[in-house]
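In: sequence first, then the predicted structure:
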Amino acid sequence: MENANLWPARAEDPESQPSSAQIESPTVAVRPQPRLKPINRQQSVLRPVDVEQLVEADHPVRAIWELMGRLLPESFWAGIKAVEGIAGQAAFDPQLLTSLWVYAYSQQVSSAREIARLCQYHPAYQWLTGLEKINYHTLSDFRIRHQEALNQLFTQVLGLLSQAGLITLERVMHDGTKIKAFAADNSFHRQATLEEHLQKAREQVEQMSDPESEELTQRVIQARERALREKQQRLDSALKQLPQIQATTASEARASASDPEARIMQSKGGFAPGYNVQISTDATAKIIVGVGVSQAAADAAELVPALERIEANLGQTPQQMVVDNGFTNQTTIEAMADEPIDLIGALAEHSAQTEGALRKRGVSPEFFPQAFGYDPVADTYTCPAGQTLTYEGKEKKGTATRYRYRAKPSACQACPFKAQCCPENKKGRSMVRTEDSPAVAAFKAKMRTEAAQAIYKQRAGVAEFPNAWIKAKIGLRQFRLRGLAKVGLEALWACLTYNIQQWIRLVWRPQLVALKPSPS
Ligand code: SF4
């Protein structure tokens with residue numbers, strides 16, 4: 001038997017070999033060779049495929065197909081040139097292409113090549129395509145060609161979820177999450193290096209155009225030329241981004257040669273090139289009601305644009321918006337005070353006069369701010385040694401305006417309490433008086449109430465849920481595309497997929513179960 005040779009234990013295991021005593025004894029049985037199923041890879045098989053049976057009745061791919069059929073906006077068909085009655089290749093149905101992308105994202109697949117490959121053998125993809133092959137260029141182009149139509153589809157899905165009572169806009173939690181750009185950490189360069197690389201790229205393009213430079217096939221030449229021209233465009237774009245980056249940093253600006261619109265951002269893994277994805281989540285059923293992508297490393301200016309997106313998607317703003325202390329600064333709180341929206345959020349403590357900060361600087365508790373008397377008429381402070389601290393200047397920090405006062409350096413140098421009051425200070429002890437605007441004072445008073453604190457405690461559970469889902473379940477930990485507009489589309493596809501998954505879980509599947517005939 002052919003497989004008997006594939007059983008090494010029989011030959012090498014002395015225990016499996018019959019002993020001479022066993023051979024001599026007719027009563028001891030020898031273990032026979034196992035009989036295994038043969039594998040024949042030389043055969044050709046023709047099998048009937050019932051495409052409809054490739055996936056079970058409650059497979060999510062059926063839900064996605066059904067939903068796309070109901071909701072796909074007509075604008076997806078607008079660019080199709082093939083028409084009935086005129087010769088030419090037929091176009092792929094946008095219902096199929098959107099379904100493929102949504103299903104692929106739900107399975108952590110975000111590569112057009114990978115989808116094209118899966119369409120050749122994976123039952124769910126084959127059910128969608130009806131066993132038709134799809135070129136990855138078709139998929140890749142479709143993902144980025146329909147920005148407006150995709151926005152409309154996102155809105156249509158929100159409408160459906162609203163009808164199902166899964167969106168109420170009574171309370172929306174908003175948060176930002178950093179997602180890595182398609183750029184390496186070492187792709188960031190200063191102006192001189194970018195110009196040097198650009199010059200080299202130009203020279204390489206010129207050499208490629210020289211017919212005597214190398215003997216290459218036309219196809220290879222075209223591919224190399226295309227790659228070099230794209231590199232040249234990226235370097236050009238990186239140089240154009242430098243002034244914008246320079247406005248946000250005190251050191252010499254650096255832009256990425258791989259994705260010029262990416263920015264260095266801090267995330268849990270440290271600093272890396274990325275984008276700041278802003279997601280608003282309705283607390284009723286954790287549905288994403290707005291998504292945007294920003295180049296800003298901080299969230300400070302992101303709340304008002306987030307509200308505008310929600311209004312554009314659903315025709316109204318939320319009754320209440322809950323955010324963390326990255327969003328609550330004076331500008332935002334004052335802007336929100338003009339809106340009929342209840343803002344709930346934490347506040348960052350910016351004061352350098354906190355007890356912890358003063359202790360670190362060696363200030364004794366007897367010389368903490370409460371020991372200094374403020375005279376509002378003279379606008380001065382008086383220190384425990386009787387010296388006057390006069391007004392020096394003001395600055396806006398966080399939610400407040402901070403007014404600074406300082407004692408004369410000569411008075412402090414000669415003071416017997418200097419070691420306890422301002423041990424390392426040579427300019428004279430300073431005091432900061434913080435003044436909140438009415439809107440900020442009202443916000444702070446509200447946030448001191450138990451009711452507001454109880455609402456704020458729910459924030460992380462709601463706001464961070466879709467962020468984690470998009471990274472862990474959809475696999476969007478790094479963008480595959482480059483540039484703000486294209487990564488915005490990737491984020492939109494991911495959030496659309498997330499919402500459709502919630503619809504399948506909360507609406508489609510329960511309806512399917514309800515329709516199932518009960519076993520008699
Ligand atoms: S060190 Fe300066 S501010 Fe402090 S108690 Fe003495 S005089 Fe007053």
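Out: Received, thanks. Note that this is a predicted model, so its numbers are computed, not measured.
In: residues contacting the nearest residue to S111 once chain neighbours are set aside?
Out: Nearest residue to S111, sequence neighbours excluded (C-beta to C-beta, 6 or more residues apart in numbering): R480, at 6.6 Å. To be clear about C-beta, it is placed using only N, CA and C from the backbone, and glycine gets the same treatment. Residues in contact with R480 (C-beta atoms under 8 Å, 6 or more residues apart in numbering) are S110, S111, F182, E490.
In: what parts of this structure come near the ligand?
Out: Neighbours of the ligand within the chain, by C-beta under 6 Å from any ligand atom: 383-385, 387, 407, 411-412, 415, 417-418, 421-422, 429.
In: what subset of those residues is buried?
Out: Among these, those buried by neighbour count (16 or more other C-beta atoms under 10 Å) are C383, A385, Q387, A407, A411, C412, C415, K418, C421, C422, R429.
In: same for the strand or helix carrying E114, what does it pack against?
Out: Assigned by DSSP states H and E, E114 belongs to helix 112-118. Applying 3 or more C-beta pairs under 8 Å, 6 or more residues apart in numbering; DSSP states H and E, we find helix 112-118 packed against helix 94-106, helix 136-145.
In: which residue does the stretch 251-400 of the chain bring closest to the ligand?
Out: For the stretch 251-400 of the chain and the ligand, the shortest gap (C-beta to the nearest ligand atom) falls at C383, measuring 3.2 Å.
In: tell me the predicted confidence for that residue.
Out: Predicted confidence (pLDDT) for C383: 94.
In: E464 and the ligand, how far apart?
Out: For E464, the distance to the ligand equals 46 Å [C-beta to the nearest ligand atom, to the nearest Å].
In: identify the bridge partners of the closest residue to that residue other than its chain neighbours.
Out: Nearest non-adjacent residue to E464, counting by C-beta to C-beta, 6+ apart: D175, 6.3 Å away. Beta-bridge pairing for D175 (DSSP bridges): I279.
In: D175 contacts M321, correct?
Out: No - using C-beta atoms under 8 Å as the test, D175 is too far from M321 to be in contact (11.2 Å).
In: just say which of the helices and strands packed on helix 112-118 is most tucked in.
Out: helix 94-106 (a mean of 24; mean count of other C-beta atoms under 10 Å).
In: just checking, what packs against it?
Out: helix 60-71, helix 112-118, helix 123-129, helix 136-145, helix 484-503.
In: still on that earlier bit, tabulate the helices and strands packed on helix 112-118 in CSV, adding columns for mean pLDDT.
Out: As requested, the helices and strands packed on helix 112-118 are exported to CSV (pLDDT from 0 to 100):
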stretch, mean pLDDT
helix 94-106, 98
helix 136-145, 95
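In: so can I have a markdown table of those showing distance to Q191?
Out: Below are these laid out as a markdown table (distance: least, C-beta to C-beta, whole Å):
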| stretch | distance to Q191 |
| --- | --- |
| helix 94-106 | 38 |
| helix 136-145 | 30 |
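In: that's a helix at Q413, yeah?
Out: Yes - the assignment for Q413 is a helix, going by DSSP: H, G, I helix; E, B strand; the rest coil.
In: burial count for the spatially closest residue to it that is not a sequence neighbour?
Out: Counting by C-beta to C-beta, 6+ apart, Q413 lies nearest to K426, which is 7.8 Å off, once chain neighbours are set aside. Neighbourhood size, K426 [other C-beta atoms under 10 Å]: 8.
In: that's a helix at K426, yeah?
Out: No - counting by three-state DSSP, K426 is located in no helix; its state is coil.
In: buried residues in the lengthiest helix in the chain, which are they?
Out: Counting residues, the longest helix found in the chain (DSSP state H) is helix 218-246. Using 16+ other C-beta under 10 Å as the test for burial, helix 218-246 gives L228, K231, Q232, R234, L235, S237, A238, L239, Q241, L242, I245.
In: how far out from the middle of the chain is that helix?
Out: Here helix 218-246 is found 26 Å from its chain centre; the criterion is C-alpha atoms, centre = their mean, to the nearest Å.
In: one step back: between the contacts of R480, which is nearest E435?
Out: E490 (44.2 Å; C-beta to C-beta).
In: and for Y456, nearest residue in space, chain neighbours not counted?
Out: In this structure, Y456 finds its nearest non-sequential neighbour in I344, 5.5 Å apart by C-beta to C-beta, 6+ apart.
In: could you report the neighbour count for the one you found?
Out: I344, neighbours per other C-beta under 10 Å, totals 23.
In: mind checking pLDDT for it?
Out: The score at I344 is 96. That number is its pLDDT.
In: for the helix or strand where it lies, packing partners?
Out: Using DSSP H and E, I344 sits within strand 342-345. Here strand 342-345 touches strand 320-323, helix 330-337, helix 438-447, helix 450-457, going by 3+ C-beta pairs under 8 Å, 6+ apart.
In: hmm, back to that, how close does the residue nearest to S111 get to A183?
Out: To A183, R480 is 12 Å away according to C-beta to C-beta, to the nearest Å.
In: can you tell me the helix or strand for whatever residue of the stretch 151-300 of the chain ends up closest to the ligand?
Out: In the stretch 151-300 of the chain, the residue that lies nearest the ligand is A250 (31.7 Å; C-beta to the nearest ligand atom). Per DSSP H and E: A250 is located in neither a helix nor a strand.
In: centre of the chain to the strand holding I344, how far?
Out: From the chain centre to the centre of strand 342-345 is a distance of 23 Å (C-alpha atoms, centre = their mean).
In: residues contacting it, please?
Out: By C-beta under 8 Å, 6+ apart, strand 342-345 touches 319-325, 327-328, 332-333, 336-337, 443, 446-447, 452, 455-456, 459.
In: only the buried subset of the residues you listed, as a PyMOL command please.
Out: Here is the PyMOL command that selects only those of the contacts of strand 342-345 that count as buried (16+ other C-beta under 10 Å):
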select buried, resi 321+322+323+324+327+328+332+333+336+443+447+452+455+456+459
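In: before we move on, the earlier item: now do the same contact list for the residue of the stretch 251-400 of the chain closest to the ligand.
Out: Each residue near C383 by C-beta under 8 Å, 6+ apart is listed here: F367, A371, F372, L389, A407, C421, R429.
In: okay, and the helix or strand of the protein with the least pLDDT?
Out: When each helix and strand of the chain is scored by mean pLDDT, DSSP states H and E, helix 8-12 comes last, with a mean of 45.
In: could you give the backbone dihedrals for N425?
Out: Here is the backbone geometry of N425 (degrees, to the nearest 10): phi -90, psi 120.
In: quick one: contacts for the residue lying closest to it once chain neighbours are set aside?
Out: Excluding the flanking residues, the one nearest N425 by C-beta to C-beta, 6+ apart is C412, at 6.8 Å. Neighbouring residues of C412 by C-beta under 8 Å, 6+ apart: Q387, K418, C421, C422, N425, G428, R429.
In: what of V45?
Out: Counting by C-beta under 8 Å, 6+ apart, there are no residues that V45 touches.
In: SS state for it?
Out: V45 - assigned by three-state DSSP - is coil.
In: same deal with Q53?
Out: At Q53, secondary structure determined by three-state DSSP is helix.
In: burial check on it, number of neighbours?
Out: Neighbours of Q53 using other C-beta under 10 Å come to 10.
In: what do you get for D93?
Out: D93 - counted by other C-beta under 10 Å - has 16 other residues nearby.
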